[in-house]
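> with the input below, show me the fold.
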Amino acid sequence: MSDQTYDDTLRAFDALQPGQVLAMSGDDLKPLLRRLQAERPHAFDWSVLEAGPAGSRVEIRRRVTDASGTVSEFLGDDHHRLDGILAEVTRLVGEGALSSAEQPFAEFACGLNWHIDAEETTLFPTFEQKTGMVQGPTTVMRREHVMIRRQMNEVAGGLKAGDRAATEQAIRVLTDLLADHNIKEERMLYPMADRAMQDARERDDLVNRIQTT
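Below is the predicted model:
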């Protein structure tokens, strides 16, 4: 990304009202993320919408308050964002609009896969190192991640086949899995991870590392 493009992006971001979103696409957006982290710390959340060899697409949302980040806030908000997309997929499938549901489900799956990868490659190892709990909640979460990913594949298969009944059933199972899983993370794992960090600076650094996964 050229300096001019970055400057234009920064001006567009600064013009956002709290809660508003800026969408960006490109081959490699990680340098943009790192510059935003350095120059607009605590001011935004970063969500991956698409990722692949053809490029990536992200959503940059201006935070309501410019406060130090926490795992509970960042990943908890990502849960709610993904829940909203899945609810839209559920609505479309319920109306029989399976072809229309494919794009939002692809966005949901990309975001959830990123979320899981970020937890398993960054959050969980940090949590285990800080707490010494290598056979604790992270073991349960990893096992449930396997089940969630398997169920996402079931939904994708139902959509591809145009099978409304199978897709609805797969979505119901996935929704139930996520509801139980997310509660465990939001009420137990995330707060424990935040408490394990020494101070606000260390919590914020962990959130930055999660974002750049």
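
> sec struct for the nearest residue to Phe44 once chain neighbours are set aside, please.
Leaving aside its sequence neighbours, Phe44 sits nearest to Ile60 (CB to CB, 6 or more residues apart in numbering; 5.4 Å). Yep, even glycine has a C-beta here, placed from its N, CA and C like the rest. Recorded secondary structure, Ile60: strand (DSSP: H, G, I helix; E, B strand; the rest coil).

> model confidence score at Ile60, please.
Looking at Ile60, its pLDDT stands at 92.

> pull up the gap between Trp96 and Gly55, please.
Actually, residue 96 is Gly rather than Trp. Taking CB to CB, to the nearest Å as the measure, Gly96 falls 32 Å from Gly55.

> how about Arg201?
33 Å.

> again, but for Ala97
Counting by CB to CB, the gap from Ala97 to Gly55 is 27 Å.

> got the buried residues for stretch 50-62?
Ala51, Ser56, Arg57, Val58, Glu59, Ile60, Arg61, Arg62 (16 or more other CB atoms under 10 Å).

> and the helix or strand bottoming out on mean pLDDT in the chain, what does it pack against?
Least confident helix or strand, the chain: strand 44-52 with a mean of 82, by mean pLDDT, DSSP states H and E. Packing partners of strand 44-52 (3 or more CB pairs under 8 Å, 6 or more residues apart in numbering; DSSP states H and E): helix 30-39, strand 55-62, helix 71-94, helix 98-118.

> rerun at 6 Å
For strand 44-52, the packing partners by 3 or more CB pairs under 6 Å, 6 or more residues apart in numbering; DSSP states H and E come out as strand 55-62, helix 98-118.

> for the last one, packing partners?
Helices and strands touching helix 98-118, as assessed by 3+ CB pairs under 6 Å, 6+ apart, comprise strand 44-52, helix 71-94, helix 137-161.

> what's the angle from the shortest one to strand 55-62?
Between the axis of strand 44-52 and that of strand 55-62 there is an angle of 170 degrees, by axes from the mean of the first three to the mean of the last three CA atoms, to 10 degrees.

> what angle separates strand 44-52 from helix 71-94?
Going by the same axes, to 10 degrees, strand 44-52 makes 50 degrees with helix 71-94.

> quick one: strand 44-52 to chain centroid distance?
7 Å (CA atoms, centre = their mean, to the nearest Å).

> next one: the last one
A distance of 15 Å separates the C-alpha centroid of helix 137-161 from that of its chain, computed with CA atoms, centre = their mean.

> give me the next element, helix or strand, following it.
helix 164-184 (DSSP states H and E).

> report the central residue of the chain.
His115 (4.1 Å; CA atoms, centre = their mean).

> distance check, it against Gln169.
Distance from His115 to Gln169, by CB to CB: 24 Å.

> now Ala161
For Ala161, the distance to Gln169 - CB to CB - is 13 Å.

> same question, Gly96
For Gly96 relative to Gln169 (CB to CB), the value is 15 Å.

> which of these two has more neighbours?
Shown here are Gly96 and Gln169; by other CB atoms under 10 Å, Gln169 has more neighbours (14 against 11).

> ok, the more buried one - contacts?
Listed by CB atoms under 6 Å, 6 or more residues apart in numbering, the contact set of Gln169 is empty.

> for it, give its distance to His42.
42 Å.

> tell me where the model's unsure across the protein.
1, 53-54, 66-68 (pLDDT under 70).
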